[in-house]
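Undergrad: Sharing a sequence plus its predicted fold:
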Protein chains: 2
Amino acid sequence: MSSLPHLRLDDPRSTLLRAAIAEFAERGEAGARTDAIARAAGVNKALLHYYFGTKQALYAAALDTILAGLKEHYLGLLAGPGSAGLRILRYVRANFDRMASSRDYARVLGHEMMRARSGASASLPHMAQTYFGPLHAQVCAALAEGIRSGEFRALDPAQTALTLTGANVFYFIAAPVLAEVTDRDPREPDMLRLRRAAILDHAAALLFEDRAAGQAMARALLEASPDLPPEP
Amino acid sequence: MSSLPHLRLDDPRSTLLRAAIAEFAERGEAGARTDAIARAAGVNKALLHYYFGTKQALYAAALDTILAGLKEHYLGLLAGPGSAGLRILRYVRANFDRMASSRDYARVLGHEMMRARSGASASLPHMAQTYFGPLHAQVCAALAEGIRSGEFRALDPAQTALTLTGANVFYFIAAPVLAEVTDRDPREPDMLRLRRAAILDHAAALLFEDRAAGQAMARALLEASPDLPPEP
DNA sequence: TAACGGTTTAACCGTGTGGTTAATATGTCC
DNA sequence: GGACATATTAACCACACGGTTAAACCGTTA
């Protein structure tokens, strides 16, 4: 996008962007207030328009920042070495870790999903085409490969991809409700560790023809990286 | 709530409520416009305040209407006859059918989840305590029972309950995004049938110690009620 | 130091929105 | 038919919000 945007984290533009991501994550684009973003960034509201033009453009920039590099990361894992089973489990783990390590990521995406009624979101078609589409296709391809090789059960790849991401995403989307129901914060490290183990176990149990082998693979992956990356 | 509210579907109050549910489902409480609701109901905006007082109260009424009777229905299924496996699968199917048959249900709940940042939603604590809490507890109890009896694998009940609802809910929450990615409407009857079969198969594969038996049970449940209830 | 470009601010503006009010319609009982 | 309660409306209001404007600030260079 710009030439060297990722250094200098204390210039007003970056500060605004970070404040915007937090605000959009909490309230969505419609609910976010530009005043609040500017105030949180310790900056005049006009400066926001000076750098980003409109609220919608700021939102697009926030989305781009959040999604930057993520597609490549996921596609890399899915196309990497190892059996289809190993690659899918690696992807599931990476997806979980990404959401666990950034409080805003899952919620921004959640708001985007909610906003996306037929043709109402300006950013949706772009995001679907450049991000979700290729990702979904690649997950389906890996699933199909595993089914062909006999490593996976006879599954519908598209449906299975949805179940996997759904199980993964829902935990974070529903986190505030969950906190109310269970009296524990789902983002607490202990809770995250529990969920991380569960999601890998569930994915393995769902996918593999030889369930015991799949679960062993999931456990190995878990032990290979037992700790979550810290919040950036 | 009131004495005889559910008859006479063409009085202004009911019309307003239905219009409100549709509007809240599309845009959430923050995004919904009272003007638009009144206009959709073919009624003056002041009448909305005459009947419901404030937008927030209207939203609460909409939530109550959507959730009315649902908890009893689900709890009934979970406490009904049959093994834990059968009851859980019946519940999963009922949950799916509910979301499939009402375009608004899942999306209203989705918006409510998004809105529920720490202590910001007035309706969340009430909903969590009277609705989600008991339901979650009952699902966990059924899961624990199945684990104890050996029908299910050794699972963490709470985590498993989350995976099940997540896989179920996500499909409908993400429907607009999905439509963009796959070029087919996920709410099309054919797509719903596919998803319905998949969700039951996935639940069975995830839960049962004897996977083949579980899948047979899921298939039997599917054939017992092959068609979805129509949209009300 | 004066001119200049990029940066930042205080003050302002138009509009959309939730909510109010006062007046009018509608029905019902005597 | 008149009194009275319930419905329903047109017109209005206050204000929050996204966006604008013109001026001030600041570092650099001549």
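TA: In hand now; what should we look at?

Undergrad: OK, contacts around the closest residue to residue A:202 other than its chain neighbours?
TA: Using CB to CB, 6 or more residues apart in numbering or on different chains and skipping residues adjacent in sequence, the residue nearest residue A:202 is residue B:163, 5.0 Å away. Quick note: C-beta positions are derived from backbone N, CA and C, even for glycine. Listed by CB atoms under 8 Å, 6 or more residues apart in numbering or on different chains, the contact partners of residue B:163 are A:167, A:170, A:198, A:199, A:202, B:206.

Undergrad: Quickly check: the helix or strand of chain A at the bottom of the mean pLDDT ranking near chain B or not.
TA: For chain A, scoring each helix and strand by mean pLDDT, DSSP states H and E identifies helix A:124-127 as the least confident one, at a mean of 82. Yes - using CB under 8 Å from any CB of the partner chain as the criterion, contacts between helix A:124-127 and chain B involve A:124, A:125, A:127.

Undergrad: What are the boundaries of the strands in chain A?
TA: Along chain A, no stretch is classed among the strands by DSSP state E.

Undergrad: Give me the domain ranges for it.
TA: Segmentation of chain A into domains, based on automatic domain parsing, reads A:12-64, A:69-224.

Undergrad: Show me the shaky parts of chain A.
TA: Low-confidence segments of chain A, defined by pLDDT under 70, are located at A:1-9, A:118-120, A:228-232.

Undergrad: That one against DNA strand C: which residues are in contact?
TA: For chain A, the residues in contact with DNA strand C (CB under 7 Å from any atom of the strand) are A:11, A:12, A:43, A:44, A:45, A:46, A:47, A:50.

Undergrad: mind listing what the fifth one touches?
TA: Spelled out, that is residue A:45. Going by CB under 8 Å, 6+ apart, residue A:45 touches A:34, A:35, A:38.

Undergrad: sorry, back to before: and the least confident helix or strand of chain A, what other elements does it pack with?
TA: The helices and strands touching helix A:124-127, judged by 3 or more CB pairs under 8 Å, 6 or more residues apart in numbering or on different chains; DSSP states H and E, are helix A:103-115, helix B:175-182.

Undergrad: Next, the buried residues of it.
TA: When neighbours are counted by 16 or more other CB atoms under 10 Å in any protein chain shown, the buried residues of helix A:124-127 are found to be A:124, A:127.

Undergrad: so can I have CSV of the residues of helix A:124-127 next to chain B showing distance to residue B:80?
TA: What follows is the residues of helix A:124-127 next to chain B, written out as CSV (distance: CB to CB, whole Å):
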residue, distance to residue B:80
A:124, 41
A:125, 45
A:127, 43
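
Undergrad: which one of those is nearest DNA strand C?
TA: Comparing those against DNA strand C with CB to the nearest atom of the strand places residue A:124 closest, at 19.8 Å.

Undergrad: residue contacts, the residue lying closest to the closest one once chain neighbours are set aside?
TA: Distances taken as CB to CB, 6+ apart put residue A:116 closest to residue A:124, at 4.6 Å, once the chain neighbours are dropped. Contacts for residue A:116 were tallied using CB under 8 Å, 6+ apart; they are A:124, B:176, B:177, B:180.

Undergrad: for residue A:77, same thing?
TA: For residue A:77, the set of contacting residues under the criterion of CB under 8 Å, 6+ apart consists of A:87, A:90, A:91, A:94.

Undergrad: Which one (most neighbours) among those residues?
TA: Neighbours here are counted as other CB atoms under 10 Å in any protein chain shown. On that basis the top member of the contacts of residue A:77 is residue A:91, with 25 neighbours.
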